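**Student:** everything below, folded, please.
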Amino acid sequence: MSGHGDPIPMTSTACDPLRGTADVPGDKSISHRSLILGAMCVGETTITGLLEGQDVLDTAKAMRAFGAQVTDHGGGKWSVHGVGVGGFTEPDGVIDCGNSGTGVRLIMGAMATQPITATFSGDASLNGRPMARVTDPLALFGCQAVGRSGGRLPMTLVGAREPVPVRYTVPVPSAQVKSAVLLAGLNAPGQTVVIEKEATRDHTERMLLGFGAEVSVVETAEGREITLTGQPELNAQHIEVPRDPSSAAFPVCAALVVPGSDVLVPGIGLNPTRAGLFTTLREMGADLTYENERVEGGEPVADLRARFSPDMKGIEVPPARAASMIDEYPVLSVVAAYASGQTVMRGVRELRVKESDRIDAMAKGLRANGIDVDEGEDWWTVTGAGHGNVAGGGLCASQLDHRIAMSFLILGMAANAPVRVDDGGPIATSFPIFEPLMTALGAWVSRDG
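**Tutor:** Below you'll find the predicted structure:
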């Protein structure tokens, strides 16, 4: 069952060439952070291009619950009248973050150094995900957390009344953990330092600087060291949200595997900490080009043109690239199924604790459609069948995971038999226009029953 209602079974069938322009929604990571940092300013932050998927809408509701005035003006235009750093009020009810691990972890960080108490919950998928990776470093500030066994939601956080700055080394690459600690550091005196051994997406650091916080980043022997000076006065901003590279991955990958396709995906954020998938696809031999490269809102942006690429080869993806494409491995594995040879993905343990165990979910679904997959705790290998040789015909479990559902629907667009997904409902959490966008390009996707 979907986390937001009854299951929505869906089927994808091999289609004619995909053609046209795919206007994907705004970047989810930047949308979350825009709302949260806007709520921590004094004055009005305006946002255009906000992703209006359920995950981000849940973060907007949470900011209202903490006292900010958040207004939807229509057409992706929003405003946030903030309450200032340290100005959150105690919410009256439970903060429901739906399916969003990013939302709940960042919001926990933002409230952890404020003298208030809040209880967090989510859907069945989110309530099964580990939160200790965030609550452990937040405890160093003086925040207390009480939840279910294994550090799972529902969970109550008691914010620190007299927070202290911390120095924290992130044990595994995680932009969510890094960002939660930095957001907590905003209301702690002195300097909070976060060290990451492998660079992860840096939207939080960029946006903190844009809002007027004092942030420095240096490379040291320990790793990438980020220093934040606490208790700043953040300045309200106008934010133009670039389009989401994680959403762009789906029409791009579909165009690469559907014969005769030529699709333009405009205005995609190409922050180097997010663009690993596109680099990998080009190494595999994909006909993927960047057009009209530019900078918008401090983020590199380009239009992506993807054309059918029948001669792609499997490669070994460098483990160091994992942090820049962690959400894109499921759809990469679909492209790998249409390539020739093996695609090897290592250093991807983080996939085991996403909205689902994504390695397990993709391995089972790909096998059900005739593709050979080997897997270990932090690696997996897809042996490609090559163009025209993907059997299809399988039923795939989405496991309440939007990216799993969309990936298998892409698989069906060039397979020899239709591919079915047991529940496409979770797609709305991140890409609510997925179906009409893909259909407008020429895809054949149907809701069953």
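**Student:** surely Arg167 meets Val193?
**Tutor:** Yes: here Arg167 reaches Val193: they are 4.4 Å apart, a contact under CB atoms under 8 Å. Where C-beta positions appear, they are placed from N, C-alpha and C, glycine not excepted.
**Student:** strands along the stretch 51-200 of the chain, start to end?
**Tutor:** Using DSSP state E, counting those that start in this stretch, the strands found in the stretch 51-200 of the chain span residues 69-72, 78-83, 95-96, 117-121, 144-148, 152-158, 167-170, 191-196.
**Student:** quick one on the thing from earlier: neighbour-wise, which of Arg167 and Val193 wins?
**Tutor:** Higher neighbour count among Arg167 and Val193: Val193, with 18 against 13, using other CB atoms under 10 Å.
**Student:** against Glu219, how distant is the more buried one?
**Tutor:** With the distance defined as CB to CB, to the nearest Å, Val193 ends up 14 Å from Glu219.
**Student:** with Gly93 instead?
**Tutor:** 44 Å.
**Student:** dump the strands of the stretch 51-200 of the chain to TSV, plus distance to Val265 and mean pLDDT.
**Tutor:** Below are these laid out as TSV (distance: least, CB to CB, whole Å; pLDDT from 0 to 100):
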stretch	distance to Val265	mean pLDDT
strand 69-72	25	98
strand 78-83	23	98
strand 95-96	32	98
strand 117-121	34	98
strand 144-148	39	96
strand 152-158	34	97
strand 167-170	31	97
strand 191-196	29	98
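**Student:** Leu304: which of these is closest?
**Tutor:** Among these, the nearest to Leu304 by CB to CB is strand 78-83 (25.8 Å).
**Student:** buried residues in that closest one?
**Tutor:** 78-83 (16 or more other CB atoms under 10 Å).
**Student:** need these in TSV (columns: distance to Gly341).
**Tutor:** Listed next are those as TSV, based on distance: CB to CB, whole Å:
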residue	distance to Gly341
Trp78	46
Ser79	51
Val80	49
His81	55
Gly82	52
Val83	55
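**Student:** ok, which of the strands of the stretch 51-200 of the chain comes nearest Glu355?
**Tutor:** Comparing the strands of the stretch 51-200 of the chain by CB to CB, strand 152-158 comes nearest, at 13.3 Å.
**Student:** starting from that closest one, tell me which strands it pairs with and how they run.
**Tutor:** strand 117-121 (antiparallel), strand 144-148 (antiparallel) (DSSP bridges).
**Student:** looking at these, which is buried most?
**Tutor:** When the strands paired with strand 152-158 are scored by mean count of other CB atoms under 10 Å, the highest mean neighbour count falls to strand 117-121 (a mean of 19).
**Student:** just checking the distance from that strand to the centre of its chain.
**Tutor:** 22 Å (CA atoms, centre = their mean, to the nearest Å).
**Student:** restricting to C-alpha, output that strand in CSV.
**Tutor:** Presented in CSV, the C-alpha positions along strand 117-121 are these (Å, rounded to 0.1, in the frame of the first residue of the first chain):
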residue,chain,number,x,y,z
THR,A,117,9.9,19.8,22.0
ALA,A,118,8.5,18.2,18.8
THR,A,119,7.4,14.8,17.8
PHE,A,120,8.1,13.5,14.3
SER,A,121,6.4,10.7,12.3
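**Student:** now do Ser276, the pLDDT please.
**Tutor:** Ser isn't right for residue 276; it's Gly. Listed pLDDT for Gly276 reads 95.
**Student:** can you tell me how far it is from Ala62?
**Tutor:** Separation of Gly276 from Ala62 (CB to CB): 29 Å.
**Student:** grab the nearest non-local neighbour of Gly267.
**Tutor:** Leaving aside its sequence neighbours, Gly267 sits nearest to Arg243 (CB to CB, 6 or more residues apart in numbering; 4.6 Å).
**Student:** neighbours of Leu208, just the number please.
**Tutor:** Leu208 - counted by other CB under 10 Å - has 23 other residues nearby.
**Student:** now for it: which residues touch it?
**Tutor:** 37, 182, 215, 228 (CB atoms under 8 Å, 6 or more residues apart in numbering).
**Student:** so how do I select the buried members of these in PyMOL?
**Tutor:** Burial among the contacts of Leu208 is assessed by 16+ other CB under 10 Å; the matching PyMOL selection reads:
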select buried, resi 37+182+215+228
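**Student:** so which of the contacts of Leu208 belong to strands?
**Tutor:** Of the positions in the contacts of Leu208, 215, 228 sit in strands, assigned by DSSP state E.
**Student:** just checking, Ile222 is part of a strand?
**Tutor:** Actually, residue 222 is Glu rather than Ile. No: counting by DSSP: H, G, I helix; E, B strand; the rest coil, Glu222 is not found in a strand; it is coil.
**Student:** who's the closest residue to it other than its chain neighbours bridged to?
**Tutor:** Nearest non-adjacent residue to Glu222, counting by CB to CB, 6+ apart: Ile195, 5.1 Å away. With DSSP bridges applied, Ile195 shows beta-bridge pairing to Thr169, Glu225.
**Student:** from Ala180, how far out is Ile195?
**Tutor:** Taken as CB to CB, the span from Ile195 to Ala180 is 15 Å.
**Student:** cool, Ala337 as well?
**Tutor:** Counting by CB to CB - Ala337 and Ala180 are separated by 35 Å.
**Student:** next: Cys396.
**Tutor:** 32 Å.
**Student:** got any ranges where the stretch 151-300 of the chain has weak pLDDT?
**Tutor:** Applying pLDDT under 70 to the stretch 151-300 of the chain picks out residues 297.
**Student:** how does it look with 80?
**Tutor:** 296-298 (pLDDT under 80).
**Student:** and the helices in the stretch 101-250 of the chain?
**Tutor:** Assigned by DSSP state H, counting those that start in this stretch, the stretch 101-250 of the chain shows helices spanning 101-111, 132-141, 175-185, 203-210, 245-257.
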